[in-house]
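>>> give me coordinates for this.
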Amino acid sequence: MAQYLAELLAKVEGCPPEHEATLKAEVSEVILQVWAHRGHLPVHRYPFQSFDEVFAALTRLEEAYKPWGRLGIFDGTKAPSEHETADIGVLAGACSVDGGAYRVARLAVALAATSATAREAEWIRLGQDVADDEYQRSLRHLRRFARMRAASGTTEDEDWDGEEDPTDDGGVDDDEISVLRDELVSAVDSLVQALNDLKASAVAITPHA
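Coordinates of the predicted model:
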């Protein structure tokens, strides 16, 4: 394909004016095909490689958080309400662990997304006119998600699918990365505390004689 593209480019340089538009259109089509298969290129790092796993994680996190929803414990039956679990220490602890783990996962993905954006900044700039609509939408989706996780006062179930273009923001803000990192560390600490509380609740249960 690369050799064919080189031949086409050579033809464009020496073709008559009346054939130039047709050849340029053919060159553009070949370039788009190469871009679509960039993951199979014989290179150490292909364009947007850093985003692939982040996109997969975003797909997993796309639904708003619902208690017990991630673990699937109550699939097919009604999950206990917050009121029903409040007086049962181990169930309340399980809810805290479930919610804490979800928050940690979201912040970790947001931090990974921001880091990937920094690593792929040049490809984002160069590829914005070549990437397909779905990939452009995913990039906007990713940047908006990362920014909302870094912003204070953002609720967990707030809609984070927007039309914001990540190529127009002048790159990744180091402060944004720092905020996400600190929030992730704090969320991990909270999750550890929730696990310790759950452990204490379990130890406090006295088996019947």
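
>>> which pLDDT value belongs to Leu191?
Residue-level confidence at Leu191 comes out at 91, pLDDT.

>>> let me see the domain layout of this structure.
Domains of the chain are assigned by the TED database as 1-43, 48-157+172-204.

>>> which one of those has the poorest average confidence?
Mean pLDDT is lowest for domain 48-157+172-204 out of the domains of the chain, coming in at a mean of 71.

>>> ok, Pro16 to Ala94 distance?
According to Cβ to Cβ, to the nearest Å, Pro16 stands 74 Å off from Ala94. For glycine as for every other residue, the C-beta is placed from the backbone atoms N, C-alpha and C.

>>> between these two, tell me which one has more neighbours.
For Pro16 versus Ala94, neighbours defined as other Cβ atoms under 10 Å are more numerous around Ala94 (20 against 7).

>>> and Gly14, how many residues sit next to it?
When neighbours are defined as other Cβ under 10 Å, Gly14 has 6 of them.

>>> I meant Leu91, not that one.
Look at Leu91: counted by other Cβ under 10 Å, it has 17 neighbours.

>>> please apply the same query to Gly100.
The local packing of Gly100 (other Cβ under 10 Å) involves 19 other residues.

>>> name the SS class of the closest residue to it other than its chain neighbours, please.
Leaving aside its sequence neighbours, Gly100 sits nearest to Leu191 (Cβ to Cβ, 6 or more residues apart in numbering; 3.8 Å). Under DSSP: H, G, I helix; E, B strand; the rest coil, the three-state class of Leu191 is helix.

>>> got a list of what Leu191 touches?
Taking Cβ atoms under 8 Å, 6 or more residues apart in numbering as the contact definition, Leu191 lies against 97, 100-101, 103-104.

>>> kindly reformat the residues you listed as TSV containing distance to Val179.
Shown next, in TSV, are the contacts of Leu191 (distance: Cβ to Cβ, whole Å):
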residue	distance to Val179
Val97	25
Gly100	19
Ala101	21
Arg103	15
Val104	16
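
>>> restricted to helices, list the residues you listed.
In helices, defined here by DSSP state H, the members of the contacts of Leu191 are 97, 100-101, 103-104.
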